[in-house]
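J.: pasting the sequence and the predicted coordinates here, then a few questions.
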Amino acid sequence: MGKIYHSKSERETIDIACQFSASLKDGDIVFLKGTLGAGKSVFARSVIQTLSQDPNLIVPSPTFTLVQQYDTPQFPIWHFDLYRLEDPEEIYEIGWEDALSEGVLLVEWSERLAELTPQHFKSVSIKIEGDHRVIDIS
């Protein structure tokens with residue numbers, strides 16, 4: 001069972017992501033789960049900005065590029081958005097094996113990996129409930 005947070009604003013979601021960043025280490029894979037607009041990209045952006053030690057770093061959603069890589073003082077971060085992935089095997093065309101060899105992976109729409117899903121990963125599930133978001137980190 002994970003830790004559950006209730007976020008009533010984007011600022012609170014950012015703060016939760018910043019706290020979560022401190023737990024990450026080289027080799028971690030983080031699956032960000034939630035519906036469109038739930039806040040997965042906001043969460044990922046906050047993690048990347050925190051670990052890069054640059055709160056003004058521009059972190060676009062990789063919806064169209066499928067992956068963005070960032071160098072941080074500790075390790076590289078690979079931010080995958082697999083929403084447009086049509087076949088799990090396509091993951092190898094966008095640097096998946098390189099990403100698995102070093103750094104932290106933040107993966108949106110991880111269910112698109114199907115049978116290629118790694119055995120060990122952290123999960124951040126974001127659900128919209130009324131006027132707030134429930135963030136379950138496990």
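T.: Looks like it came in fine. Quick caveat: nothing in here was measured; it's all calculated off a predicted structure.

J.: on the C-terminal side of the strand or helix carrying residue 20, identify the next helix or strand.
T.: If you go by DSSP states H and E, residue 20 is part of helix 10-21. Next helix or strand after helix 10-21 toward the C-terminus (DSSP H and E): strand 29-33.

J.: same for the next helix or strand after that following strand, what does it pack against?
T.: Toward the C-terminal end, the helix or strand that comes next after strand 29-33 (DSSP H and E) is helix 40-52. Counting contacts by 3 or more C-beta pairs under 8 Å, 6 or more residues apart in numbering; DSSP states H and E, helix 40-52 packs against helix 10-21, strand 29-33, strand 67-71, strand 76-81, strand 104-108, strand 122-129. From N, CA and C alone the C-beta is placed, and that goes for glycine too.

J.: so what touches the last one?
T.: I take that to be strand 122-129. Contacts with strand 122-129, where a contact means C-beta atoms under 8 Å, 6 or more residues apart in numbering, come from 2, 13, 20, 28-35, 37-40, 43, 133-138.

J.: list the buried residues for it?
T.: Across strand 122-129, burial judged by 16 or more other C-beta atoms under 10 Å covers 122, 124, 125, 126.

J.: follow-up on the earlier one: using CSV, lay out the helices and strands packed on helix 40-52 together with distance to residue 96.
T.: Output for the helices and strands packed on helix 40-52, formatted as CSV (distance: least, C-beta to C-beta, whole Å):
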stretch, distance to residue 96
helix 10-21, 22
strand 29-33, 11
strand 67-71, 8
strand 76-81, 8
strand 104-108, 9
strand 122-129, 17
